[in-house]
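# Provide a 3D model corresponding to the input given below.
(one chain, ligands or ions: 1)
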Amino acid sequence: MIEQKKQVRDSAGIYDTLPSFAVESLRRSLLAWYAENKRDLPWRRTRDPYAIWVSEIMLQQTQVKTVIPYYERWLATLPTVKTLAIAQQQDVLKLWQGLGYYARARNLHQAAQVVVAQHGGTFPQTLETAMQLPGIGRTTAGGILSAAFNLPVAILDGNVKRVLARLVALPVPPKRAIAQLWQISEWLLDREQSRDFNQALMDLGATLCTPANPSCFRCPWQPMCQAYQQGIQTEIPMTESRAPIPHKRIGVAVIWDGQGNILIDRRKQSGLLGGMWEFPGGKLEPGETVEECIRREIREELGIEIEVGDRLISVDHTYSHFRVTLEVHHCKHLSGEPQAIECDEIRWVTLEEIEQFPFPAANVRIIEALRSGK
Ligand code: SF4
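Reported below is the predicted structural model:
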């Protein structure tokens, strides 16, 4: 224990505040609190590594209450790693529709194919091998291996970073001390009860040590928490000042063929929203009107001429690093055979058929506007 503390202090140069006797006490108090207060979550009722893996990927960027119905629907449709491995990507993306960050679904699908082809359908049980699978980083691997197999592997997701940063009153933003936070997480881990310990750490971050107004008066770590002792728990974790995120205006076309069909396209596999379907369009150039932008984009992307008609809807949507406003217009196909020039596939579909295709959230708003007859 003494050696482990020395490593943390030496490499961080910022941490020397937790007393050396604290580790056992931190473990014991956290596990006792967890035994009384743990959340009843569907993925905690199983030891199936596949089900736990699905939950870990869904939880990467999404809140528990949003994930639960997706998790249950996913396992009802794709109950084993083999069923996922042989599923069509479009069906996988459709199941994921609405959760966002679609690379997670594509990677999960690919990783299932690797697990079946290279590991006999069994999730690998070493950190190194698990981290070679698409979409599985160190904390996700730690979450799966500890929850499914009780292996002594630490975690460091966003909640855990905040809890540990407060525990040691980290004097820099967490992203500048990642190696040190990993060391603290490993140092604290109860190696005999890693499943419960990691889950407890996550619950502490999710239910008590919340970003705003942490409930320190109910926290099992309060007597040893350096941020609490110093009265600075709401100032930690420290943040970097962020530049405002850029905003893009996008002209979007709902192209009608005159017989009730609408033209949709499937985005290329690489990049944001890869493999998802959308209404075609693109970014406004400086000095361009929305109508001019839509006509130009459709000529460049699909090789056809259209007439831009009435405005259907304007949709604002925020992604992690930018926000967009989609300016959506009804359009009429005039001439030319549509070609998949800057996408993977195009289709003419009716408003009823469109339901079968996976669309990102901003495009779902367009479909709703079409349905409501705007
Ligand atoms: S005492 Fe407060 S700040 Fe410290 S770990 Fe507990 S909830 Fe978080």
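
# List the contacts of the residue nearest to the spatial centre of the chain.
For the chain, Gln61 is the residue whose C-alpha lies nearest the centre (C-alpha atoms, centre = their mean; 2.9 Å). By C-beta atoms under 8 Å, 6 or more residues apart in numbering, the contact set of Gln61 is Gly100, Tyr101, Arg104. Using the backbone N, CA and C atoms, a C-beta is placed for each residue, glycine as well.

# and what of Val64?
Contacts of Val64 (C-beta under 8 Å, 6+ apart): Arg39, Leu41, Ala206.

# Ramachandran angles for the residue lying closest to Tyr228 once chain neighbours are set aside?
Leaving aside its sequence neighbours, Tyr228 sits nearest to Cys216 (C-beta to C-beta, 6 or more residues apart in numbering; 4.9 Å). When read as degrees, to the nearest 10, the backbone of Cys216 gives phi -60, psi -30.

# Give me the pLDDT for Cys216.
According to the prediction, Cys216 has pLDDT 97.

# how about the residues of this protein near the ligand?
163, 166-167, 208-209, 214-216, 219, 221-222, 225, 227-228, 233 (C-beta under 6 Å from any ligand atom).

# Quick one: mean pLDDT for stretch 282-295?
Rounded mean pLDDT across stretch 282-295 is 94.

# Just the buried positions in it, please.
For stretch 282-295, a neighbour-count test (16 or more other C-beta atoms under 10 Å) marks Gly282, Leu284, Glu288, Val290, Glu291, Cys293, Ile294, Arg295 as buried.

# close enough to count as contact, the third one and Arg296?
Yes - Glu288 is within contact range of Arg296, at 7.4 Å (criterion: C-beta atoms under 8 Å).

# shared neighbours of the two, anything?
Counting by C-beta under 8 Å, 6+ apart, Glu288 and Arg296 have no shared contacts at all.

# Which ones among the buried residues of stretch 282-295 map onto helices?
Those of the buried residues of stretch 282-295 mapping onto helices are Val290, Glu291, Cys293, Ile294, Arg295, per DSSP state H.

# Leaving out chain neighbours, which residue sits closest to the third one?
Meaning Cys293. Nearest one to Cys293, counting by C-beta to C-beta, 6+ apart, is Gly251 at 3.6 Å.

# Quickly find the element holding the one you found.
Taking DSSP states H and E as the definition, one finds Gly251 inside strand 247-256.

# And the next helix or strand past that strand?
Once strand 247-256 ends, the next helix or strand along the chain (criterion: DSSP H and E) is strand 262-266.

# list the helices and strands that next one packs on?
Counting contacts by 3 or more C-beta pairs under 8 Å, 6 or more residues apart in numbering; DSSP states H and E, strand 262-266 is packed against strand 247-256, strand 277-278, helix 290-302, strand 345-349.

# rerun that using 6 Å as the cut-off
Packed against strand 262-266 by the contact rule (3 or more C-beta pairs under 6 Å, 6 or more residues apart in numbering; DSSP states H and E) you find strand 345-349.

# got the buried residues for the strand it packs on?
For strand 345-349, using 16+ other C-beta under 10 Å, the buried residues are Ile346, Arg347, Trp348, Val349.
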